[in-house]
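Visitor: Need coordinates for the below:
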Amino acid sequence: MNNVLLLTDKLIIGGAEMYFCKLENHLQDNNMTFYSAAATGELYKHIQHKQQFIPLSVKNHAANLKLLSKQVLLKQIDVIHANSLRMLLYSIAIKKLTRRKIKLVYTKHNVTILEKKLPSLFKRVLNEHVEQIIAISNFEKENLLHLGVNEALIRTIYNGVDVEHFSFKQIQPKQAFNVGILARLSKEKNHELFLKIVNELKEVPNVMFYIAGDGPEREFVEEVIKDLKLQHKVMLLGNASNPYEFICNMDVLLLTSIREVFPMVVLEAMAAGTPMMSVDVGGIKEAIVDHETGILIPHHSEREFAKQIQSLQEDEDLRLRLGSKARQKVEESFSLSRMIHSTLKTYQ
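Guide: Here you go, the predicted model:
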């Protein structure tokens, strides 16, 4: 019998946090018991097994380590699955404090400050303390290998989308052609480029733009909309309470990020049958095959995005074909059940 503890920082809206919630909701094995721990936030409502959940402090790390060490001993934890670098460092400390033989699993979702500033130390931490590293794309696996991380430790397990919840929905004709972005309003998501695309198409009739998400860049986004006089063309919706509904209401979803590893929103749009148009960053090309399962833009070019949006607007057959092929690709390679099955294997 293995007792597994899932760790993440805080239950705020984000791709890594939704991944954590999916594991908490769906991990199931007759020979394993699962516990989870995080600082609470808006995603706490998605935690299904609240009796197995350990609430943490946002800032009091000493108290968190004390609480988790006590719980690790009490619940006889055999595996800790860390969902961030901070939680991995917690796990290493807990292992030392409890002197318990614990298998450490680490899912790497994004570029960390440690690997950017002190890559040799980052490599040492992974090689010396982690038994299994989950890379969420082959792109990320290659990055880890380039840093000198032991290949035997790394396993690619793609993010999985719930294909029943994000069911395929054939795009229906609408009065306007709706172009959307679903992302946290933060610098790396590059909403500035999205608004430059809107500006390129502001004189084109029957094309409307929608921004779903919130975050620290909201004020900046509002200022750019005002400066470029785009109030008639773009709507700022705030956090999407129902991401699936938002995706289905779009005729195309854009991803304009400066950097990514393998964003969940790409798979969710593909599953729903909404064409995805993304800049070619990170591991996105592992899901989007250009003009087959979506549209890849080679550079952060508002003109190229605008050109491809107009082409898509004019070609209904292409929109339908992209949506259908994308759904097929998700079912074959990126289903939630596949992700859960592969993750369970890493705990054994």
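Visitor: before we move on, what SS does the nearest residue to residue 250 once chain neighbours are set aside have?
Guide: Closest residue to residue 250 in three dimensions, ignoring its sequence neighbours and counting by CB to CB, 6 or more residues apart in numbering: residue 180, at 4.0 Å. For every residue, glycine as well, the C-beta is placed using N, CA and C. Under DSSP: H, G, I helix; E, B strand; the rest coil, the three-state class of residue 180 is strand.
Visitor: List the beta-bridge partners for residue 180.
Guide: Beta-bridge pairing of residue 180 under DSSP bridges involves residue 210, residue 253.
Visitor: Just the pLDDT at it, thanks.
Guide: Residue 180 carries a pLDDT value of 98.
Visitor: next one: residue 116
Guide: 89.
Visitor: isn't there a helix covering it?
Guide: Yes. Residue 116 sits within a helix when classified using three-state DSSP.
Visitor: Make residue 1 into 28 and carry on from there
Guide: With the count now opening at 28, the last piece we talked about shows up as residue 143.
Visitor: what's the burial count for it?
Guide: 9 (other CB atoms under 10 Å).
Visitor: Tell me which residues touch the residue nearest to residue 277, please.
Guide: With contacts defined as CB atoms under 8 Å, 6 or more residues apart in numbering, residue 207 is in contact with 236-239, 273-274, 276-277, 279-281.
Visitor: and if we set it to 7 Å?
Guide: Contacts for residue 207 were tallied using CB atoms under 7 Å, 6 or more residues apart in numbering; they are 237, 239, 273, 277, 280.
Visitor: from the residues you listed, which is closest to residue 82?
Guide: The shortest gap between residue 82 and any of those belongs to residue 239, at 28.5 Å (CB to CB).
Visitor: didn't the closest one look like it was pressed against residue 273?
Guide: Yes. Applying CB atoms under 7 Å as the test, residue 239 and residue 273 come out as touching, 5.0 Å apart.
Visitor: between these two, what contacts are shared?
Guide: Residues touching both residue 239 and residue 273 (CB under 7 Å, 6+ apart): 207, 209, 267.
Visitor: that older thread, distance to residue 344, pLDDT and neighbour count added to the contacts of residue 207, as CSV?
Guide: Converted to CSV, the contacts of residue 207 look like this (distance: CB to CB, whole Å; pLDDT from 0 to 100; neighbours: other CB atoms under 10 Å):
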residue, distance to residue 344, pLDDT, neighbour count
237, 24, 98, 18
239, 27, 97, 25
273, 25, 96, 22
277, 18, 95, 25
280, 19, 98, 27
